[in-house]
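>>> Provide a 3D model corresponding to the input given below.
(chains A and B)
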Number of protein chains: 2
Amino acid sequence: KRKTAPNPELLAENLMKGDKAALARAITLVESAHTDHWEIANSLIENCLKKKTDSVRVGITGVPGVGKSTFIETLGKNLTASGKRVAVLAVDPTSSKNKGSILGDKTRMDELSRDANAFIRPSPAGTSLGGVARKSRETIMLCEAAGYNVILVETVGVGQSETAVSSMVDFFLLLKLAGAGDELQGIKRGIIEMADAIVINKADGANIKNAQNAKIEFKRALQLYPPKDNGWTPKVTACSALENSGIQETWDVIDAYISLSKKDGSFREKRAAQNESWLLQTIDNHLKTDFYSDKNIQATLAQLTKEVVQSKVSPFRAAELLLQQRKNETK
Amino acid sequence: KRKTAPNPELLAENLMKGDKAALARAITLVESAHTDHWEIANSLIENCLKKKTDSVRVGITGVPGVGKSTFIETLGKNLTASGKRVAVLAVDPTSSKNKGSILGDKTRMDELSRDANAFIRPSPAGTSLGGVARKSRETIMLCEAAGYNVILVETVGVGQSETAVSSMVDFFLLLKLAGAGDELQGIKRGIIEMADAIVINKADGANIKNAQNAKIEFKRALQLYPPKDNGWTPKVTACSALENSGIQETWDVIDAYISLSKKDGSFREKRAAQNESWLLQTIDNHLKTDFYSDKNIQATLAQLTKEVVQSKVSPFRAAELLLQQRKNETK
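This is a model prediction of the structure:
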């Protein structure tokens, strides 16, 4: 049985009333690969953009095992208890139904998922980061239109998804563990420099001393970095998501950042710059897809890449040859 | 008086004999903005690519005042004294004849510039990083064909040029000063993570203790980073370019890296990946230039950018509109 085509105006209306089922259906539309859903999704997004919202978007990353789910569940419950409405999303381009995605198993955030003021959405299917990133960004817009004013975007600290996530959030949090050689392993280069705060998780039991040492170590290391564009110096906290200690302090850091950046205008500036950057990135992606999906170009590219790698042709000369070929073809 | 058109075969031949005048003329051709020079330059590069070379390419960055020129002069003289042939280039997209470019004033490297086994070339004119980067990369090829086996590429640690330089060299060196709050100022985010070694310069006189402390501090900080793809852990040295102390130790670090990376194959792999990446980047640049130089697109983009920044239109929707417009125009 086919469902009738969804009505974007009606769906937007229900979604903006805070109807979770409408929100879930809207996200499914945005994530849909069916071309006949695109126009509806676009219209839906446009309707949602009209709503004024006042949200905080926080990106959260860390290697598997660092305790992201427990951290997000504890933080989320604290936030809903203080009257916030919390949406949790995931960006994980490598996830698939077979491999199991982060957040795919909702039972990982059992209590939060049953909270009336929380909405949890697993990573969208699809292996291309570009696709997942677009879907995630539009999902943020939908959640905000549905009245969620804290958006937590989870990602795993091992791929390229951090850059995508950091370009869709106001604040970027890196979760770390003390000791166990974790400092040297797993985390991708460049992520430390992206972080607005580093949180040493699992600061409980026998691990407390280690965590405090790691905190000092990271504070010292972060002093070697230049401050962010708006003058913010990344902070380091220690917490135990399990024992709900240090979580409020971590949120206070985020809160302080948001207040500061709203005061000096950098909050708005960052969002405006992010919007513009998504526009330009989307154009660039389309231009590339157009070019590289040309079968004849693919054949020539494969041949020229070999020659370029072997230093038989200059990369610039090879590029010229390819661009000339494409120009001749599309004439 | 017009010079006769240069003969690329003859020029390549003289250049490969090590003729400095031929090399300088070849570089001028590669840097030329005249379209009728492009074909000659391409042919020149192709001739030079045939020559097997065995060079080491080192990128050197650091904020103004860190002592890059003195460091390069001292290192360069040590290298020519040990039988190497050294070429020094600069990548500085912001330089212009009026503003004065790094290396523009050859007297800054007075002794090295008079060394028969050294060749110094200031930054090419032109404000676009893409243009400067291409020219610099092709200049490296020409210098190598002319028999220079150590290529030092200087850049200033304040712009985007570091990414470009790090993608054309085998080893990337960051020069720092001890104390004076330098750790917190001037250097662009992300550069520390690019460095294969950090050199604390001006470790002389009253500054020695400071420099040794800074060395320990940086070693400690770098332990928090993951190692490079080939397992290399960035090293920290201290030196005085003025007193020629610690310079040999710094070169030993580079030398150790080159030996290691040649042994495990990562030297070749990195160069191959760099070549391929330049090919793809050049294509991407051309595709973008093509699109954004369209006057009608420029007008629509300006309008849509406003709406996107104000969250009136989704960035993805705006991109679609622009791409559709371009498609209709080029039909």
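>>> Just the strands from chain A, written as ranges.
A:56-61, A:86-91, A:118-120, A:150-155, A:171-177, A:197-201, A:235-238 (DSSP state E).
>>> May I see those organised as CSV, with mean neighbour count and distance to B:Asp264 added?
Placement of C-beta: from N, CA and C, glycine included. Below are these laid out as CSV (neighbours: other C-beta atoms under 10 Å in any protein chain shown; distance: least, C-beta to C-beta, whole Å):
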stretch, mean neighbour count, distance to B:Asp264
strand A:56-61, 24, 30
strand A:86-91, 26, 34
strand A:118-120, 24, 45
strand A:150-155, 26, 31
strand A:171-177, 24, 29
strand A:197-201, 25, 32
strand A:235-238, 22, 35
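>>> Same list (these) but as TSV, adding distance to B:Ala211.
Formatted as TSV, the strands of chain A follow (distance: least, C-beta to C-beta, whole Å):
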stretch	distance to B:Ala211
strand A:56-61	35
strand A:86-91	43
strand A:118-120	52
strand A:150-155	39
strand A:171-177	30
strand A:197-201	28
strand A:235-238	27
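>>> So for B:Glu193, which of those sits nearest?
strand A:171-177 (13.8 Å; C-beta to C-beta).
>>> so the closest one versus strand A:56-61, what angle?
Relative orientation of strand A:171-177 versus strand A:56-61 (axes from the mean of the first three to the mean of the last three C-alpha atoms, to 10 degrees): 30 degrees.
>>> re the thing from before, okay, the strands of chain A in JSON lines with mean pLDDT and distance to B:Ser161 next?
Formatted as JSON lines, the strands of chain A follow (pLDDT from 0 to 100; distance: least, C-beta to C-beta, whole Å):
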{"stretch": "strand A:56-61", "mean pLDDT": "95", "distance to B:Ser161": "28"}
{"stretch": "strand A:86-91", "mean pLDDT": "91", "distance to B:Ser161": "31"}
{"stretch": "strand A:118-120", "mean pLDDT": "95", "distance to B:Ser161": "44"}
{"stretch": "strand A:150-155", "mean pLDDT": "94", "distance to B:Ser161": "30"}
{"stretch": "strand A:171-177", "mean pLDDT": "92", "distance to B:Ser161": "25"}
{"stretch": "strand A:197-201", "mean pLDDT": "94", "distance to B:Ser161": "29"}
{"stretch": "strand A:235-238", "mean pLDDT": "95", "distance to B:Ser161": "31"}
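>>> got CSV for those strands, with distance to chain B too?
Converted to CSV, the strands of chain A look like this (distance: least, C-beta to the nearest C-beta, whole Å):
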stretch, distance to chain B
strand A:56-61, 13
strand A:86-91, 16
strand A:118-120, 20
strand A:150-155, 15
strand A:171-177, 9
strand A:197-201, 10
strand A:235-238, 11
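>>> Out of those strands, flag the one nearest A:Leu323.
Of the strands of chain A, nearest to A:Leu323 by C-beta to C-beta is strand A:86-91, at 33.1 Å.
>>> and the closest one, what does it pack onto?
If you count contacts as 3 or more C-beta pairs under 8 Å, 6 or more residues apart in numbering or on different chains; DSSP states H and E, strand A:86-91 packs onto helix A:68-81, strand A:118-120, helix A:129-145, strand A:150-155, helix A:161-166.
>>> Show me what the shortest one is packed up against.
This means strand A:118-120. strand A:86-91, helix A:110-113.
>>> for the ones you listed, which one sits closest to B:Thr155?
So among these, strand A:86-91 is nearest, using C-beta to C-beta, at 33.4 Å.
>>> List the strands paired with that closest one, with their directions.
strand A:118-120 (parallel), strand A:150-155 (parallel) (DSSP bridges).
>>> any residues touching the first one, and which ones?
Meaning strand A:118-120. The contact list for strand A:118-120, computed with C-beta atoms under 8 Å, 6 or more residues apart in numbering or on different chains, reads A:20, A:23, A:76, A:80, A:85-88, A:103, A:106, A:109, A:112-113, A:143, A:146, A:148.
>>> rerun at 7 Å
Defining contact as C-beta atoms under 7 Å, 6 or more residues apart in numbering or on different chains, one finds that strand A:118-120 is touched by A:20, A:23, A:76, A:80, A:86-88, A:103, A:106, A:109, A:112-113, A:143, A:148.
>>> Give me the buried subset of these.
A:Leu23, A:Gly76, A:Thr80, A:Val86, A:Ala87, A:Val88, A:Leu103, A:Met109, A:Leu112, A:Ser113, A:Cys143, A:Tyr148 (16 or more other C-beta atoms under 10 Å in any protein chain shown).
>>> how about the residue nearest to A:Thr163 when sequence neighbours are not counted, what does it touch?
Leaving out its chain neighbours, the residue that sits closest to A:Thr163 by C-beta to C-beta, 6 or more residues apart in numbering or on different chains is A:Met194, at 7.5 Å. Contacts for A:Met194 were tallied using C-beta under 7 Å, 6+ apart; they are A:Glu162, A:Ser166, A:Phe172.
>>> Quick check, pLDDT for the first one.
For A:Glu162, the pLDDT comes out at 80.
>>> same check, this time on the second one
pLDDT recorded at A:Ser166 is 88.
>>> what about it, how many neighbours?
A:Ser166 has 20 neighbouring residues, counting by other C-beta atoms under 10 Å in any protein chain shown.
>>> Does it touch A:Leu173 like I think?
No: using C-beta atoms under 7 Å, A:Ser166 makes no contact with A:Leu173, being 10.1 Å away.
>>> so what sits against both of the two?
A:Gly59.
>>> Which residue does the stretch 101-250 of chain A have closest to chain B?
Residue of the stretch 101-250 of chain A nearest chain B, by C-beta to the nearest C-beta: A:Ala221 (4.3 Å).
>>> Next, count neighbours for that residue.
Neighbours of A:Ala221 under the rule other C-beta under 10 Å: 22.
>>> what's near enough to touch it?
Neighbouring residues of A:Ala221 by C-beta under 7 Å, 6+ apart: B:Ala221, B:Leu224.
>>> And for A:Phe291?
Counted by C-beta under 7 Å, 6+ apart, A:Phe291 has contacts A:Ile297, A:Arg326, B:Ile283, B:Leu287.
>>> Any chance of TSV for those residues, columns distance to B:Gly67, neighbour count and pLDDT?
Compiled in TSV, these are given as follows (distance: C-beta to C-beta, whole Å; neighbours: other C-beta atoms under 10 Å in any protein chain shown; pLDDT from 0 to 100):
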residue	distance to B:Gly67	neighbour count	pLDDT
A:Ile297	47	18	96
A:Arg326	47	20	92
B:Ile283	39	23	93
B:Leu287	41	20	93
